[in-house]
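S.K.: Requesting a structural model of the entry that follows:
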Amino acid sequence: MNKLLSAILFSAFIATSPALFAADAAKPAAAKPAEAAKAAPAKPAESAKAAPAEKLDINTASEKMLSQLEGIGEARAKAIVKGRPYKGKDDLVKQKVLPQAVYDKIKDAIIAKQEK
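M.R.: Numbering: from 1, shown residues only. Purely as a prediction, here's the structure:
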């Protein structure tokens, strides 16, 4: 019984295999390189060099913009705005607006520009 079932399944697989290969061959050749490009993601270091992200100025950013940062919710965003102006971004920790752990997560995404 098992041999008969195996033979039937094997025959069904062989019978449908050419249809699978034919469907793959019917795809346009131009689509295959594009699919390969999607499958191979760019290296993070290369993409960071190519398009550096704009740092968020903690002295001018809105509460909504600040709350988009990792670990910053509405309450922390309001506290950041209330404590302005900052001489440096590390003032967020010095003035106890943010805990060190949260600051460590966002320090590369922020800047504290000074008014002229």
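S.K.: Which helix or strand in this protein has the lowest average pLDDT?
M.R.: Averaged element by element with mean pLDDT, DSSP states H and E, the chain has its least confident helix or strand at helix 44-50 (a mean of 44).
S.K.: Output the contacting helices and strands for whichever helix or strand comes after that one.
M.R.: Under the assignment DSSP states H and E, the closest C-terminal helix or strand after helix 44-50 is strand 56-57. Contacts defined by 3 or more C-beta pairs under 8 Å, 6 or more residues apart in numbering; DSSP states H and E place strand 56-57 against strand 110-111. All C-beta atoms are positioned from the backbone trio N, CA, C, and that covers glycine.
S.K.: can you give me the mean pLDDT across the strand it packs on?
M.R.: Within the predicted structure, the mean pLDDT of strand 110-111 is 96.
S.K.: Describe which strands it pairs with in its sheet and in which direction.
M.R.: strand 56-57 (parallel) (DSSP bridges).
S.K.: ok, which stretches of this structure are helices?
M.R.: Taking DSSP state H as the criterion, the chain contains helices spanning 2-25, 31-39, 44-50, 63-66, 74-82, 91-94, 100-106.
S.K.: which secondary structure elements does the fourth one contact?
M.R.: With contacts taken as 3+ C-beta pairs under 8 Å, 6+ apart, helix 63-66 sits against helix 74-82.
S.K.: ok, the residue nearest to residue 70 when sequence neighbours are not counted - how many residues close by?
M.R.: With C-beta to C-beta, 6 or more residues apart in numbering as the criterion, residue 70 has its nearest non-adjacent residue at 4.9 Å, and that residue is residue 105. For residue 105, the tally of surrounding residues (other C-beta atoms under 10 Å) stands at 14.
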